[in-house]
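[1] after the sequence you'll find the predicted model.
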Amino acid sequence: MKITTLISIIAAFLISPFAMAQTYWQQAVDYQMTVDLNTSNHQYSGKTVLVYTNNSNESLDRVFFHLQPNAFQPGSMMDVRSRTIEDPDSRVGERIAQLGPTEQGFLHVENLTMNGKSCISEEVGTILEVQLPEPIKAGKKVTFNYNFKGQVPIQIRRSGRSNSEGIAYSMSQWYPKLAEFDEEGWHADPYIGREFYGVWGDFRVDITIDKEFVVAAGAVLLNPEETGHGYSAGKAKAKTVLGDKITWKFEAKQVHDFMWAADEDYLHDVLKVEGAPELHFFYQNDSTITENWQKFQVKVAEGFQYLSKHFGEYPYPVYAVIQGGDGGMEYPMGTLITGKRSFNSLLGVTMHEAAHNWYHGVLATNESLHEWMDEGFGSYAAAETMHYLKGAEGDANHSGAYDSYISLALEGKEDPLSTHADHYTSNRSYGVAAYSKGEVLLDQLGYIIGKQNLKKGLLVYFDEWKFKHPRPVDFRRVMERVSGLELDWYFEYFVGSVRTIDYGIYSVRGNEFKCEIILDRIGQMPMPVEVLAVYTDDTREFFYIPMVLMRGEKDLNDLEVERQLLPDWPWTNPYYLLELNLPISQLKSIIIDPLFGTADIDRSNNQIDINGNTGIIIPGN
């Protein structure tokens, strides 16, 4: 074979779709941890063997660890941020600044080595910066060994001891957690109480604690007989202990975090239902809450069945609903949730956190950079699930998310969805963007591409990107392939800017032969437009106006209401002429977006009633 021919073959391979697909990579971890908690002073000590695989194409000369308990110290970045932001979280406020030495949190790493060689490290707030004795070459594995010591803070945000409901320990963000390195580089973000991003891997965690405590975790218990809590072993057996303590042994595979909790008064129920993971419920033996906690368990199982059917099959063997924390917070295979709630609140928050196991747990987007892909999508899935669980008819109602987003937009206080979660100007701006606008983004996408394509696309997205940390472009490309439409414009406007949607009826004129309706794009964000004409005999006609930017239109055959397809509306044109070949005397009213498919910020100009007028009609005049 000639050299030139060989070079041509190699070049063709390198630029082929197959070769491009091989460029995707992600790091991997394997944690083996032992931890001993001293309940008299709320301090814990541990040892870790961490195998880290560098699957990138770069050599790494340093790594970073998250030390998130250090946030719960006066003067920390989380403390200062809480006291200086315009609308502090009431759960935090000035509480961190008021913590005494025995109430604070801390986490320190000792004797850190890589492959037996000492590392140079510096603790900088909630991040441990580590200079390695030698680079970790591309494609190679190394083993880190280290000890750690921590103190559980008074419960303020997510993690801590003695929460408002008396739960002894909510142990989230509690261990030295290796930061993620991906194609965008390191993500060693200081912890100020927002979102998380972690490395996929396996966890084996042994927790030693006083024998009076029951330990719950987002994991599989490996020694149910020894602990007396038969996760999969039926009835609890008598505990076997050594001295005054007992060790609980857990395993969690292909996850990016590990959460646990402990309390002396936990009741523990197990529910096994086909089509759902083995469900575990840990809650206090308190007569004021036990009825709701026992009653809602079957509904949680039904919710998991629905989520698996409509958003992708849940891949883990267990899921734990654990009373603890300061509200509701998701973790792989489990949630911490305050338990003194009404039945509907308990079910609603649990299903929201369960939905996070799809978007935070399994897909695991970098939610610090793209929080709407977790919080917003989770909110959408939870709303759909709750609609099903309530036995409601018709489509799920996402109007609350629309109202919340539009309210903030009208006030002019939005930050773009592309804002890093830690850097929103206010807690409200973050909350509305991540939860409400993120939910609107998904529901409104169904308006653009069709609801059936949205449902299909969500399943394809989960199947293709589970365990791969997808980015916005990955989600968009799935939806483009499923719908056949170009969607970059939608994400550029709705994610990358704060431009809003507002369409109105500029004028209506007519005579005995025809009607001319001029539609007005008032807002800066273009959208495909639906228009309803209502005639004097009460018959109706739907019209659908796609955009040039879409390079197509949604499948009108998949829609329940028949629509008449009209020519595209170029985004450069502020006005659009809609002509009807009938006398204006037969036209009763014109309505833009009659099914409320878009986040139109001003609907006062969306409808005009003709009332037999034969001249020029301008809304508001």
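    Great, that's in hand.

[2] which stretches in the chain count as helices?
    3-14, 17-21, 77-84, 224-227, 290-295, 297-311, 343-356, 375-389, 399-411, 427-431, 438-449, 451-465, 472-483, 488-494 (DSSP state H).

[3] and those helices as TSV, adding mean neighbour count, distance to H66 and mean pLDDT?
    Bear in mind the C-beta positions are built from the backbone N, C-alpha and C, glycine included. Shown next, in TSV, are those (neighbours: other C-beta atoms under 10 Å; distance: least, C-beta to C-beta, whole Å; pLDDT from 0 to 100):
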stretch	mean neighbour count	distance to H66	mean pLDDT
helix 3-14	10	37	43
helix 17-21	9	31	39
helix 77-84	18	13	98
helix 224-227	18	29	89
helix 290-295	15	32	97
helix 297-311	19	29	98
helix 343-356	22	19	98
helix 375-389	24	20	98
helix 399-411	17	31	98
helix 427-431	19	20	98
helix 438-449	24	24	98
helix 451-465	18	24	98
helix 472-483	18	24	98
helix 488-494	18	30	98
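
[4] residue closest to the middle of the chain?
    The centroid of the chain falls nearest to D374 when counting by C-alpha atoms, centre = their mean (1.5 Å).

[5] give me phi/psi at that residue?
    phi -110, psi -60 (degrees, to the nearest 10).

[6] contacting residues for the closest residue to it other than its chain neighbours?
    Of all residues not flanking D374 in the chain, E367 sits nearest, at 4.1 Å (C-beta to C-beta, 6 or more residues apart in numbering). Neighbouring residues of E367 by C-beta atoms under 8 Å, 6 or more residues apart in numbering: 195-197, 360, 373-375, 421.

[7] circling back: how close does the residue nearest to the centre of the chain sit to A364?
    8 Å (C-beta to C-beta, to the nearest Å).

[8] before we move on, what about T126?
    According to C-beta to C-beta, T126 and A364 sit 20 Å apart.

[9] where do the domain boundaries of this structure fall?
    The chain is divided into the following domains under automatic domain parsing: 29-199, 389-494, 503-609.

[10] for the residue nearest to D374, grab phi and psi.
    According to degrees, to the nearest 10, E367 has phi -80, psi -10.

[11] now it: how far from D555?
    The value you get for E367 to D555, if C-beta to C-beta is used, is 32 Å.

[12] likewise for Q98?
    Q98 is 59 Å from D555, by C-beta to C-beta.

[13] near the nearest residue to P74 once chain neighbours are set aside, how many other residues are there?
    Closest residue to P74 apart from its sequence neighbours, by C-beta to C-beta, 6+ apart: A97 at 4.9 Å. Neighbourhood size, A97 [other C-beta atoms under 10 Å]: 15.

[14] ok, A97 touching S76?
    No: counting by C-beta atoms under 8 Å, A97 stays clear of S76, with 9.2 Å between them.

[15] my guess is W25 contacts T53, does it?
    No: using C-beta under 8 Å, W25 is not in contact with T53; the gap is 10.1 Å.

[16] who's more crowded, those two?
    Remark: of W25 and T53, T53 carries more neighbours, 17 against 14, as counted by other C-beta under 10 Å.

[17] name whatever forms a beta bridge with the more buried one.
    Beta bridges link T53 to A28, K141, judged by DSSP bridges.

[18] check the one 10 residues further on too.
    Legend: beta-bridge partners of V63 under DSSP bridges are V130.

[19] need the pLDDT of it.
    Model confidence at V63, given as pLDDT, is 98.

[20] any weak-confidence spans in this structure?
    1-22, 229-243, 612-621 (pLDDT under 70).

[21] how close does the residue located most distally from the centre of it get to V534?
    Here the centre of the chain is the reference, and by C-alpha atoms, centre = their mean the most remote residue is E512, at 55.4 Å. Distance, E512 to V534, using C-beta to C-beta: 19 Å.

[22] do Y314 as well
    Distance from Y314 to V534, by C-beta to C-beta: 45 Å.

[23] and what of L363?
    43 Å.

[24] same deal with G201?
    Distance from G201 to V534, by C-beta to C-beta: 59 Å.

[25] D443 contacts A401, correct?
    Yes: with contact defined as C-beta under 8 Å, D443 counts as touching A401 (7.3 Å).

[26] burial of H268, as a residue count?
    Considering only other C-beta under 10 Å, H268 is surrounded by 17 other residues.

[27] so it touches N285, yeah?
    No: under the criterion of C-beta under 8 Å, H268 is not in contact with N285, lying 10.3 Å apart.

[28] out of T126 and A364, which sits in the more crowded spot?
    Neighbour count, other C-beta under 10 Å: between T126 and A364, A364 has more, with 28 against 25.

[29] quick one: the more buried one from E439, how far?
    Taken as C-beta to C-beta, the span from A364 to E439 is 19 Å.

[30] now do the contacts for E110.
    Residues near E110 by C-beta under 8 Å, 6+ apart: 146-149.

[31] do the same with F513
    So F513 contacts 581, 583 (C-beta under 8 Å, 6+ apart).

[32] and with 10 Å instead?
    Shown in contact with F513 (C-beta atoms under 10 Å, 6 or more residues apart in numbering): 581-584.
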